[in-house]
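Novice: A structural model of the following input is requested.
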Amino acid sequence: MDQQTYNTQVDTRAQQMLAAICERTTDYSHWNVHALMTLDPDPEEVTRTVRRTLWRGTEAPATELMGGPFEILPAALAYCRWQDALSDEGRLLLHDYLTGAHFERGNTENHWLMYYAGLLLACEQFPDSDFTWNGLSPQVLAAEAKRWILGTIERTARLGHHEYDSTHYHVEHMVAYIGLYEHSQDEHLRAQCEKKLSILVADMALEYFKGAWAGGHSREGYRRNTWTHSGAVQPLNYLYFGDIDFDPRIHGGSFDTPILVATYRPPALLAEIALDNSKAHIVKKTRAPRNIYRHAAHDPYPVRKYTYMSRSFALGSTQLGLPINTLAGPIDIGSWDLGWDAPNHQGKIVCNHPYRGAGRFSAFLSGFPQNIGRAIGLDKPYLQRPDRLFGASPYERMLQHQGSIIVLYRIPQDDEAPFVNLFLPNGYTWQEKNGWILGDLGDCYAGIFPIGPYVWQDIREDEGGIYMVHGGSLIDGWLLRLNSLHTGLVLETIEADEVDSFDTFCQQRAASAPDLSQWPNGQRVTCETTSGHSLDITYNGEHRVDGELLDYDAYPLYESPNAEADLNTGKMTFEREGEKVELDFGIDPEKPLMPMRVIG
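Specialist: Numbers count the residues shown, from 1 in each chain. Reported below is the predicted structural model:
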């Protein structure tokens, strides 16, 4: 597909999404006001929107207002794109807000990015104004913002994205970089942002599976990681790849709206990579880790991702790089899952140890272990629920080869959650045979061998159900409670057309159980797959496939049939059928990296 044809397709989808936002919206936000502006609205309506969303209905002067990343960036984007269409009052309101309100940076990578992007654009737009909330000149503020933005771009190009492959927060990164690419007055910054955007879209494309983002995710959470299509990234999946049915409820209307009115278009080649799952292949990535401030003897190691993209399913896993004996557990991580194309709640298998130790939050955040668990739970109670299906556990280890994975846990005796939760969709008939749980998933078959005792339970959680929950909009399926301190599972998935029938698969898989003779005392589990491969994992020890020792330290930044990049070079190539997108960030590998604070 040539770039012009692709651009036209994206333009058409963007207009469709904007029209749907306008049709469904009565009170616009400071994010989706961009959709309203496409209707040539009454300037008074725009002014009311600004006052309602940024002033929150008060008549206070801007100097008495508070804001953060989710206010400064959309305010700056609205001013940059629509200043000529705004009334004098509208322009003055945004000017006063951006230069007078008090802003805080937040505490995650996307927060800091949105804060600095909005700040830089405001400083460039108002170079002669007093930024009274800060006291520094626009020039000094702009220099600080550029230093951080360029520094984090360089870190991504050398080490991989810190807040990597997030089904929920990826869009916040995209909207900030698109805003900088389209509106910044610094040509070098704009060029680096365009390359960073290619990386972000490539990350989506390499693990794109029929509307879903396969593999491990730094931040998924929000009780939606059992969804077939999860997260706020869904509008971008539709906009840039377009192979799924349009749903106005999920494809637009929030953080993505400034992207819909932008002129930025990614390389068409990346969409071709995303849409080609004709051959099974492996995607390897190295990502930068979360920073740990407490409860660890040393810094975390790089994150290594392994995703098997088959024709009818995708299985992905993560070596999280957490130090051994740490109490840290990044709260939104999805470390592994199996996904396939199915209705919502019916296309995902995942398990999780719902770790709730005091170090889980205080390893990353400034709060103290004595009270931070309760404090976090006040705002996000689901983070402390025993049925949780996302979030890292310091006691989890895994080994994957193609469509098979072993996941192990050694949970301390005194842990608050002496069990593991395993989610299975409830729309299939699961057969138990010789310790295996076997399912016909349509175009693929799966077998799960829980290690240790387990019980079948229902799990339903509904966004709007306070008193009675009859159908779970958030979660709806089987919850297998693996009731052991030394538990885990073995999973194998194959394409249905690789065997004669589901019965044949069941016979072959149930004929051989994992070797648990050295578990837990020897801390080792081995398993033979139906395709003849051998997986051999020692907890906190060697990982072997077919007898060969795996070296995760040898993972490059990218490795797949469509991507190639070494670590610490700032150079990468994305290709398909002879076409290439080559990126060079102009990095000096001998130069020290900008220090980076990224929490979990």
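Novice: in space, what's closest to residue 253 - neighbours in sequence excluded?
Specialist: Computed as CB to CB, 6 or more residues apart in numbering, the closest residue to residue 253 that is not its neighbour in sequence is residue 21, at 4.7 Å. (Glycine included, C-beta is placed from N, CA and C.)
Novice: I misspoke; the intended subject was residue 562.
Specialist: residue 273 (4.7 Å).
Novice: after the helix or strand hosting the one you found comes which helix or strand?
Specialist: Using DSSP states H and E, residue 273 sits in helix 268-275. Per DSSP H and E, the first helix or strand lying C-terminal to helix 268-275 is strand 281-287.
Novice: what's that following strand in contact with?
Specialist: Residues from elsewhere that reach strand 281-287 (CB atoms under 8 Å, 6 or more residues apart in numbering): 159-162, 164-165, 203, 206-207, 215, 218, 302-309, 402, 555-561, 563, 567.
Novice: and those residues, which of them are buried?
Specialist: Buried members of the contacts of strand 281-287, counted by 16 or more other CB atoms under 10 Å: 159-162, 164-165, 203, 206-207, 215, 218, 302-309, 402, 555-560, 563.
Novice: how about the helices in the stretch 151-300 of the chain?
Specialist: In order along the chain, the stretch 151-300 of the chain carries the following helices (DSSP state H, counting those that start in this stretch): 170-183, 187-206, 234-240, 257-260, 268-275.
Novice: same deal with the stretch 1-150 of the chain?
Specialist: With DSSP H, counting those that start in this stretch as the criterion, the stretch 1-150 of the chain has helices at 3-24, 33-37, 43-54, 69-82, 88-100, 109-125, 138-159.
Novice: between those helices, which one is nearest to residue 495?
Specialist: helix 3-24 (29.9 Å; CB to CB).
Novice: shaky segments in this protein?
Specialist: For the chain, residues meeting the criterion pLDDT under 70 lie at 221, 465-470, 597-600.
Novice: how does it divide into domains?
Specialist: The chain breaks down into these structural domains: 3-275, 281-560 (assignment by automatic domain parsing).
Novice: which ones among the contacts of strand 281-287 lie within strands?
Specialist: Among the contacts of strand 281-287, DSSP state E puts 303-309, 558-560, 563 in strands.
Novice: CSV for those, including distance to residue 532?
Specialist: Formatted as CSV, those follow (distance: CB to CB, whole Å):
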residue, distance to residue 532
303, 30
304, 25
305, 25
306, 19
307, 22
308, 16
309, 21
558, 29
559, 24
560, 24
563, 28
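Novice: so which of the residues you listed is the closest to residue 189?
Specialist: residue 558 (23.9 Å).
Novice: for the closest one, give the beta-bridge partners.
Specialist: Beta-bridge pairing of residue 558, defined through DSSP bridges, involves residue 285, residue 565.
Novice: can you name the residues that contact it?
Specialist: Taking CB under 8 Å, 6+ apart as the contact definition, residue 558 lies against 206, 283-285, 564-565, 572.
Novice: what would those residues look like in a markdown table with distance to residue 61?
Specialist: Output for the contacts of residue 558, formatted as a markdown table (distance: CB to CB, whole Å):
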| residue | distance to residue 61 |
| --- | --- |
| 206 | 49 |
| 283 | 52 |
| 284 | 54 |
| 285 | 48 |
| 564 | 55 |
| 565 | 50 |
| 572 | 48 |
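Novice: top of those residues by number of neighbours, please.
Specialist: Looking at those with neighbours defined as other CB atoms under 10 Å, the largest count falls to residue 285 at 29 neighbours.
Novice: of all the ones in strands among the contacts of strand 281-287, which two lie farthest apart?
Specialist: Considering CB to CB, no two members of the ones in strands among the contacts of strand 281-287 lie farther apart than 303 and 309, which are separated by 18.6 Å.
Novice: ok, now how distant is residue 584 from residue 76?
Specialist: Counting by CB to CB, to the nearest Å, the separation of residue 584 from residue 76 is 29 Å.
Novice: more neighbours, the two?
Specialist: Under the criterion of other CB under 10 Å, the comparison of residue 584 against residue 76 puts residue 76 first, with 27 against 12.
Novice: pretty sure residue 261 is touching residue 81, no?
Specialist: Yes - judged on CB atoms under 8 Å, residue 261 makes contact with residue 81 at a distance of 6.6 Å.
Novice: which residues are in contact with both of the two?
Specialist: 34, 37.
Novice: how about the nearest residue in space to residue 260 that is not next to it in sequence, what does it touch?
Specialist: Distance criterion CB to CB, 6+ apart; nearest residue to residue 260, sequence neighbours excluded, is residue 14 at 4.6 Å. Residue 14 sits next to 239, 260-261 when contact means CB under 8 Å, 6+ apart.
Novice: most neighbours out of these, which is it?
Specialist: Of all these, residue 260 has the most neighbours under the rule other CB under 10 Å, reaching 23 neighbours.
Novice: how much space between it and residue 252?
Specialist: The spacing between residue 260 and residue 252, counted by CB to CB, is 7 Å.
Novice: sorry, back to before: distance to residue 484 for the helices of the stretch 151-300 of the chain - can I get that in CSV?
Specialist: What follows is the helices of the stretch 151-300 of the chain, written out as CSV (distance: least, CB to CB, whole Å):
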stretch, distance to residue 484
helix 170-183, 36
helix 187-206, 36
helix 234-240, 36
helix 257-260, 46
helix 268-275, 40
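Novice: ok, which of these comes nearest residue 519?
Specialist: Using CB to CB as the criterion, the shortest distance between residue 519 and those is 33.9 Å, found for helix 187-206.
Novice: the closest one packs against which elements?
Specialist: Contacting helix 187-206 under the criterion 3 or more CB pairs under 8 Å, 6 or more residues apart in numbering; DSSP states H and E are the following elements: helix 138-159, helix 170-183, helix 234-240, helix 268-275, strand 281-287, strand 571-576, strand 579-584.
Novice: want to throw those into a markdown table with distance to residue 416?
Specialist: What follows is these, written out as a markdown table (distance: least, CB to CB, whole Å):
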| stretch | distance to residue 416 |
| --- | --- |
| helix 138-159 | 34 |
| helix 170-183 | 31 |
| helix 234-240 | 34 |
| helix 268-275 | 41 |
| strand 281-287 | 29 |
| strand 571-576 | 43 |
| strand 579-584 | 45 |
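Novice: so which of the ones you listed comes closest to residue 540?
Specialist: Proximity to residue 540 (CB to CB) singles out strand 281-287 among the helices and strands packed on helix 187-206, at 20.9 Å.
Novice: quick one: that closest one to chain centroid distance?
Specialist: 15 Å (CA atoms, centre = their mean, to the nearest Å).
Novice: please put the alpha-carbon coordinates of that strand into PDB.
Specialist: Output of strand 281-287 as PDB, limited to C-alpha atoms (Å, rounded to 0.1, in the frame of the first residue of the first chain):
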ATOM      1  CA  HIS A 281       6.700 -15.700  14.100                       C
ATOM      2  CA  ILE A 282       8.400 -14.500  17.200                       C
ATOM      3  CA  VAL A 283       8.800 -10.900  18.400                       C
ATOM      4  CA  LYS A 284      11.500 -10.100  20.900                       C
ATOM      5  CA  LYS A 285      11.900  -6.700  22.600                       C
ATOM      6  CA  THR A 286      14.000  -5.200  25.300                       C
ATOM      7  CA  ARG A 287      12.300  -2.500  27.400                       C
END
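Novice: what's the angle from it to helix 187-206?
Specialist: 140 degrees (axes from the mean of the first three to the mean of the last three CA atoms, to 10 degrees).
Novice: and for the nearest residue to residue 369 once chain neighbours are set aside, the neighbour number?
Specialist: Leaving out its chain neighbours, the residue that sits closest to residue 369 by CB to CB, 6+ apart is residue 358, at 3.7 Å. For residue 358, the tally of surrounding residues (other CB under 10 Å) stands at 17.
Novice: one more: the one 3 residues further on?
Specialist: When neighbours are defined as other CB under 10 Å, residue 361 has 27 of them.
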